[in-house]
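In: need a 3D model of the sequence below.
(8 chains, ligands or ions: 3)
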Amino acid sequence: MYRETTIVNDSTQISSDGGAGDLIINVGPQHPATHGVLHLVITLNGETIKKVEPHLGYIHRSIEKMCESLTYRQFIYVTSRMDYLSAHINNHGCAICVENGMQIEIPPRAQVIRVLMDELTRIASHELWWGAMAMDVGAFTPFFHAFRERETINDIMEETCGARLTMNYIVPGGVMYDLHPNFQQRVKDFIKLYKSKIHEYDEMVTGNIIFQNRMKNVGVISAEDAISWGCTGPVARGSGVSCDIRKLYPYELYDKIEFDEVLETAGDSFARYMVRVREMNQSIRIIEQLIDNIPEGDFQAKTKAVLKLPKGEFYSRVETARGELGVYIVSEGGTTPYRIKFRSPGFSNLSILDHMIRGGKIGDLIAAMGTLDLVIPDIDR
Amino acid sequence: MNAEELKIKITELLPSAAFEEASEWLTINIEPKDWLPLAQQLRNDASLHFDYLFCLTCIDWKTHLTMVYHLTSTRYRHNIVIKSKLDRTNPEIETVSHIWRTADFHEREAYEMFGVNFLNHPDLRLLILPDGWEGKNPMRKDFEDAVNMIKL
Amino acid sequence: MWSFSNIANNIHEWLSANFNPTWTMIIEMVIAGVAVISLFALLGLVLVIMERKVSAWMQIRLGPNRVGPKGMFQSLADTLKLLVKEGLTPDGADKLLFNLAPFIAMIVAMLLMAPIAFAKNFQMWDLNIGVLYVSAVSSLMVISILMAGWASNNKYSLLGAMRSGAQIVSYELSAGLSALCIVVLSGSLSVGDIIQSQSNGWWIFKGHIPVIIAFVTFIIAVTAETNRAPFDMAEAESELTAGFHTEYSGMKFALFFLAEYVNVFIVCAIGATLFLGGWMPLHIGNWEGFNNAMDYIPSSLWFFGKTFFLIFLIMWFRWTFPRLRIDQLLNLEWKYLLPISMVNLLLVTLMAILGWHF
Amino acid sequence: MMQPGLYHILFISAALFFIGVYGFLTRRNLITMLMSIELILNSVNLNFIAFNKYLWPHQMDGLFFTLFIIAIAAAEAAVAIAIIINLYRSHNSIDVENAEELKY
Amino acid sequence: MSGSTIIFYLLAALTLGSALLSVSTRQIFRAAIYLLFTLIGIAGIYFWLNYQFIAAVQIVVYVGGIVVLIIFSIFLTQQAGEKLPKQKLGRKLFAALAVFCGFGLTILQINQHIFYPTSEGAIDPSVRNIGEKMLNVNDSGYALPFEVISMLLLAAMIGCIVIALRTKPETK
Amino acid sequence: MNENQNKTVDFPGKIEEIPGGGIVLSKLDDIINWARSNSLWPLTFATSCCGIEMMATASAKYDFSRFGFEVARATPRQADVIIIAGTIVNKMGPVLKRLYDQMADPKYVIAMGACAISGGPFFYNTYSVVKGADHIIPVDVYVAGCPPRPEALLHALITLQEKIKSGMTREQIKTKNPNP
Amino acid sequence: MFIVKYIKEVYNGVKSLLVGMRRTGYYFTHHKEIITQEYPDNKDTLNLPERFKGEVVLIHDENNEHSCTGCTACELACPNATIKIVTKFDIMPDGKKKKAIDKFVYHLELCTMCNLCIVACPTDAIKMAQTFEHSVFDRNKLTKILNNPGSKIKEGVE
Amino acid sequence: MGASSLIVLIISAIAFSGIAILISKIVLKATTNKQKGEPYECGVPTQGKTWVQLNVGYYLFALIFLIFDVELVFLYPWAVVAKSMGWIALIEIVIFFFILFMGFLYAHKKGALKWM
Ligand code: SF4
Ligand code: SF4
Ligand code: SF4
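Out: Ligands and ions are numbered 1, 2, ... in the order given. Next up is the predicted model:
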């Protein structure tokens, strides 16, 4: 099986020009703090960062190209590999786009299920982010405590969708199967567990003086910058930019549910941290509203075996755990998309890294990058 | 502003603009050369204030390329779509990375995927693809890669 | 009562009965060397497995439990593995220094063993400058780290070495100052006398608030001095991948690892000696009955109990706190610990002169 | 070999002294020159201690002189290195040849 | 010959050997490390002479302080760890010659001169004695120098800070 | 120690009676293999989704520290096993090879997930995915799934342990073809 | 007042640290909070949810019959050609040919457990199994033939 | 067992490390390849020089540390006799500290103890 590979070509890019006393350090592709394969070329002066230059593409799987040859039923499963931490929401976005195109009416039960799944996914994603965040700043224990809750969600997902991470559950026209009988009960248990544990998060990380010193006034983003760099999601909301798609362009029944868009104004890492932590509570609130009144009915609209989108362009936006995901489908009327473009939140959020971290320390870089909550396959696609 | 007012406003900004009703948003077709001045006005005009470029991409119709810009205004919450046809052999258009900073990365992506050449872009280098990919533009329809690409 | 000292004496008598003095000395030296080495290895194994278990339980996991009974052989397996793992030397490295650094680390860790009193009059050498000796030798630790960082010819190593260099030297000061508090109180540098001076109660009880402050400062300072989290700037996992031993592998890395843990043990032993009375059982003033009862617990147990308590404390820190940033780290020392411990030293002196301690 | 005594130590210190001098003469790098100076100072300390031990054991003047010399040496080293670094930052070189034509 | 003699000669060898290396090696970082060994050797000799306090001070100040500082300054000034430039042979020879003559003369002097130790009883240089001598204020004590040292340190610290924080002159 | 045989991995010193009484230990190799198989330190290397499942395996619920795997080293110099968790694309290929080359012997590789085995979901119609990590570095154990659930990864690690204990090289494995 | 602020700072900092230490200390002492499942030992008690997608299997009943008609709907539905259906024509007793599967080739190393084939199958011949222990030394072992040797199609399945 | 313990310790340390490293050299026959010796930097070839000059921030601390270190050395003999000597010791040390504290405050004022 082993043979020297011929198809790879070395990817060394001599980029940052090292002046006198400048230390050029590669962080990544393999680095505990980059959560995957982000490659940053950092120009240091002593410990102070003069320039950060992201090099992407270490996990570029050409998903957009693939989708051009997959049918509208098939291409959805690839999107759950894109931002695997909010797989449901990615699937959701694509499903919505297809449904818009074909004017499929979604049964109410399916809508509720979708929203429930989205919010559970959001919580799970934020849990993982929280653990990884704490690990980046050097506290190891919170990581394991966060996974306790996350695993509970994973079990619920697994019971209903049959997979823990990349569940291809939300399909055009509804969801793939009906809810599992003890779904409701287990979600309620989870909410109980969550509520009994949430204060520990403050005790262990949020209130901790060291943590606050690490986060406050680090990687500050002004509101204008956030908009101009196209930041979305918690990153922009941490700077006081109201950009929650669920509020601005409500897609399922988000307009019927009551929840607050979390806004912080400081714009530093700590603000972004607080936004996510508070968002988890909002998601719990949404779930509590929905969990007890899931309407009966069928979970999938009647659709033709082969889906065909009419000729035209369709754009749908959903709020993933990281920000605004835009799905832009150009159809020629065939069974496969002619061109599909995923406007992924991480891509824009990453682009502001250099701007916000200049003049900081390496430790700052790690902390601030943690609060961007990057998922690299979502950036490279 | 709703679509109608936008239409009027933009017509007086750029008489040559052609409108189409393809998607749910107002879509404007322009010439590449008009793009930069129009972009500046769209961004800076107080009543339009399109300060958020939320999607920038390119489509390869086998005859020509089309740049697509999705713009929205965080103040008035109105969206428009700007389209511009590019010549397929040497596609060129002015960069807007200084107007909307997010365009920086997106344009680099469009550059390597479609070979669109953005004039006056600060550093138009490969962002995602490994070195040595210049010339081949994977997202083009006629892209062939015998080694890596196993057709189904 | 069973104790180390008796054993030592018996051996000595037996040897001197059967051999001429020179041989007696040599044999004793050999025995001592073997004993120290085995103690070293044992400490390494025990501390590593302890750390892993502690972290596991704090992280609601089980921790190693499959290798040997209850996973007790885990660290043994790791050691054997490291023993048979390749120890490579990078091409760009300064070969001599690169290979010398682990030795220095080991020698320093070993030398620190000398003045430690493991049990009642069981001590390798009760220098009359014990405390000063410790702080002097431990100041050599930084050299090995700087050597390793420089010789590796690796950016992470260099940065890590610089960081821990600045860090260690800074924290030596407040560690020394808080140790001085006890020296002032007990009026001697020798470990033996310091322990004797606590025969009617440990300093941390006798010495009111100032000594407690000194104790806290001491613990923080030594945590930083041994490069333990939350002060592990030297090998900041998520920033510089593995700090100054990024390029080290196999046994060379293991030696650093071992030296780190043994240093933790030693500084904790010193802390226990200074503040918690070393092997001295818990005596309260002049309650004869109570004190005698306490004396029945062998002194070595007292010593190791106290030491491991302090070690557990340090591990507790490690698995609870986030890491400080390098400048905050130095601020903590220069803005808080150093002034506090200087003023504290004056307070202690005042107290000692006025005899305000039991 | 005979039992080492005063003469041996004097020999060592003398040797150290001249090694230092040699280094001082040959080196052209300020830091290494500083090192040579440290060697010389150490040889002096050694002498003081030796004399104190062998010739003047009822007093501790030699010891105190050593103590103070060490302290002064530390201060001297600190200032010297501060100057060296400053020189380096202004001239990007710590070679005496380049340092000789300093005008500031 | 006894063990202590061996140890003495070992220490002497360590000291002189590493001193020689330290002035002859062309890698500046190694020079610093050899200097370190020299200082440790000298500390060892102090130990051997039973001046433990001085030995400890030697280690604390020289090894733990000055050498670390030197290493730091090497980190700061030495780019890419390149070797020091080779010295001209002539200068080397001249220096060696001068040094040898000087050394020979000194040894001659030492050997000819006869030292007369005092007959009075020795006092043990323990820390306690040192402390008492250092602190007592009558004219045989060292209280004044003790305070003066603090002045010296103050001066040194201020000097360092002033020099180090001096903004880089714009020459060349 | 023998009654909970299934629970604990015994020290491999086989006790053999010698006619003259007394006992001997088994070969040195067994001990070495035992040590190696029981302290596999993974390299923190995760490219995509499977990496999350790897984290989950490390997390409290599945806790691979029970086997002594939890000492995840960030530098390949000190790591023993590299778990290829996720897709390997052409740009990542050289990096992976380099990391593997820089690991100190002995070193082992686990290919986790469909992508690492064969390109998995991205096998067809992609121009940038390496069709299987074993085109780049030799792989010891493959674990299928997308992603494999944590138990599956644990099973893979146990399989790797068995392989190390058996002391067989890859070629022998190919020829002898044991199960699995 | 400077000193007061200084002391307050120190006090609050230490307090927050102690709170965190109390939490970890709680977990250190309360072992009932441990949630670890010991995988290889709980194999028999480990019950995965029935929907868990481990691998695709072709359902055979006791007399070695399956209900796959070889219509290749699953093959078409599969996003990345994990399934290859090799069909053959076996002669019925009444002489007329009938399409049936020869080999049901299934590449486990490609499968993404997306369940589309199951949904697509008109006769519910295949289902997802809950097995997950797919570790092998040689990746060729992952390519499987799902239909047992000698198996044939059920009666009355069209 | 007196000063000889130091020799014992040093020898045993060297023996321990030496034997350990020797064993690892003997037992394992390591493979080599051309990338193995290169410095590790997250798996990409390193750029630029490693031994570049670092910033001044570190060594200022070392400077001030040296000063305080010397001061610490002088405190040891003082500490031993402080109790027995009583007030004189206290007065002297107060003066000593006072003078040093001047320098300390000066350093703070000049921002020498701020990270740069
Ligand atoms: S095998 Fe599946 S889960 Fe794993 S990396 Fe590939 S796509 Fe992601
Ligand atoms: S589960 Fe999905 S990938 Fe696997 S065979 Fe079925 S359709 Fe293909
Ligand atoms: S499994 Fe089902 S879908 Fe696939 S060929 Fe057989 S009958 Fe058709």
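In: tell me, how many residues neighbour residue 58?
Out: Since you didn't name a chain, this refers to chain A. Using other CB atoms under 10 Å in any protein chain shown, the number of residues around A:Y58 comes to 32. (Each C-beta comes from the backbone N, C-alpha and C, glycine too.)
In: actually, chain D is the one I wanted.
Out: For D:H58, the neighbour count with other CB under 10 Å is 11.
In: what's the answer for E:E132, then?
Out: 17.
In: now swap in G:M1 and tell me
Out: Quick note: G:M1 (other CB under 10 Å) scores 6 neighbours.
In: relative to G:K8, how far out is it?
Out: 10 Å (CB to CB, to the nearest Å).
In: now G:I153: closest residue in space that isn't a chain neighbour?
Out: G:A100 (5.5 Å; CB to CB, 6 or more residues apart in numbering or on different chains).
In: please disregard the earlier target; I meant C:F215.
Out: Distances taken as CB to CB, 6+ apart place C:F275 nearest to C:F215, at 4.9 Å, with adjacent residues excluded.
In: quick one: mean pLDDT over the helix or strand hosting that neighbour.
Out: Of the helices and strands defined by DSSP states H and E, C:F275 is found in helix C:250-276. For helix C:250-276, the mean pLDDT works out to 87.
In: work out the gap between the next helix or strand after it and the centre of the chain.
Out: On the C-terminal side of helix C:250-276, the nearest following helix or strand under DSSP H and E is helix C:288-295. In this view, helix C:288-295 has its centroid 29 Å away from the chain centroid, taken as CA atoms, centre = their mean, to the nearest Å.
In: next one: stretch B:83-100
Out: Using CA atoms, centre = their mean, the offset of stretch B:83-100 from its chain centre is 6 Å.
In: what about the helices in chain E?
Out: Using DSSP state H, the helices of chain E run over residues E:3-24, E:28-48, E:52-57, E:68-77, E:89-112, E:127-135, E:143-165.
In: which strand or helix spans residue 94?
Out: As the question left the chain open, I've gone with chain A. Element membership for A:C94 (DSSP H and E) is helix A:87-102.
In: other chain: chain H
Out: Assigned by DSSP H and E, H:V94 falls in helix H:87-110.
In: other residues contacting that helix?
Out: Residues from elsewhere that reach helix H:87-110 (CB atoms under 8 Å, 6 or more residues apart in numbering or on different chains): C:335, C:338-339, C:342, C:346, C:349-350, C:353, E:135-137, E:143, E:146-147, E:150-151, E:153-154, E:157-158, E:161-162, E:165, H:64, H:67-68, H:71, H:74-75, H:78, H:81-82, H:113.
In: sorry, back to before: pLDDT score for the residue nearest to G:I153?
Out: In this model, G:A100 is scored at 75, pLDDT.
In: tell me the phi and psi of it?
Out: Backbone dihedrals for G:A100, given as degrees, to the nearest 10, come out at phi -150, psi 170.
In: swap in the one 3 residues further on?
Out: Main-chain dihedrals, G:K103, degrees, to the nearest 10: phi -130, psi 140.
In: stretch B:69-79 near chain A at all?
Out: Yes. Stretch B:69-79 is in contact with chain A by CB under 8 Å from any CB of the partner chain, via B:70, B:74, B:77.
In: mind checking the SS state of the last one?
Out: Of the three states, B:R77 takes coil under DSSP: H, G, I helix; E, B strand; the rest coil.
In: need the pLDDT of it.
Out: 82.
In: tell me the spacing between the nearest residue to it once chain neighbours are set aside and chain H.
Out: Excluding the flanking residues, the one nearest B:R77 by CB to CB, 6+ apart is A:L248, at 6.7 Å. As judged by CB to the nearest CB, to the nearest Å, A:L248 and chain H stand 39 Å apart.
In: just give the number of residues close to A:L248.
Out: Residues lying near A:L248 (other CB under 10 Å) number 15.
In: check G:K97 too.
Out: 10.
In: now the phi/psi pair for the closest residue in space to it that isn't next to it in sequence, please.
Out: Spatial nearest neighbour of G:K97, excluding adjacent residues (CB to CB, 6+ apart): G:F89 at 4.4 Å. Dihedral angles of G:F89 (phi, psi; degrees, to the nearest 10) stand at phi -110, psi 110.
In: G:F89 contacts G:K98, doesn't it?
Out: Yes. Applying CB atoms under 8 Å, one finds G:F89 in contact with G:K98, separated by 6.7 Å.
In: is any part of the top helix by length along chain D close to chain A?
Out: Among all segments of chain D classified by DSSP H, the helix with the greatest residue count is helix D:61-91. No. Residues of helix D:61-91 contacting chain A under CB under 8 Å from any CB: none, with a closest distance of 9.4 Å.
In: identify the residues contacting the residue positioned nearest the centre of chain E.
Out: Taking CA atoms, centre = their mean, the centroid of chain E lies closest to E:L39, which sits 5.9 Å from it. When contacts are counted by CB under 8 Å, 6+ apart, E:L39 touches D:38, D:42, E:58-59, E:62-63, E:67.
In: measure it to G:H66 for me?
Out: 84 Å.
In: quick one: mean pLDDT for stretch A:290-302?
Out: 83.
In: what separates it from the chain centre, distance-wise?
Out: That offset, for stretch A:290-302, works out to 26 Å (CA atoms, centre = their mean).
In: just stretch G:75-94 next, same as before
Out: For stretch G:75-94 - counting by CA atoms, centre = their mean - the centre lies 23 Å from the chain centre.
In: tally of neighbours for the nearest residue to C:P281 once chain neighbours are set aside?
Out: In space, and not counting its chain neighbours, C:P281 is closest to C:M294: 3.9 Å by CB to CB, 6+ apart. If you count neighbours by other CB under 10 Å, C:M294 ends up with 15.
In: need the longest helix for the chain.
Out: Going with chain A. Assigned via DSSP H, chain A shows its longest helix as helix A:108-136.
In: not what I meant, chain F
Out: For chain F, the helix that runs over the most residues, judged by DSSP H, is helix F:150-166.
In: in that one, what's buried?
Out: Of all the residues in helix F:150-166, those buried under the rule 16 or more other CB atoms under 10 Å in any protein chain shown are F:150-165.
In: what does stretch A:287-301 give?
Out: For stretch A:287-301, by 16+ other CB under 10 Å, it's A:287, A:289-291, A:294, A:299-300.
In: return the member of the residues you listed nearest to H:I19.
Out: A:I287 (61.9 Å; CB to CB).
In: could you report the pLDDT at the closest one?
Out: On the pLDDT scale, A:I287 gets 88.
In: not counting sequence-adjacent ones, nearest residue to it?
Out: A:E119 (5.2 Å).
In: what's the answer for A:R150, then?
Out: Excluding the flanking residues, the one nearest A:R150 by CB to CB, 6+ apart is A:E127, at 4.2 Å.
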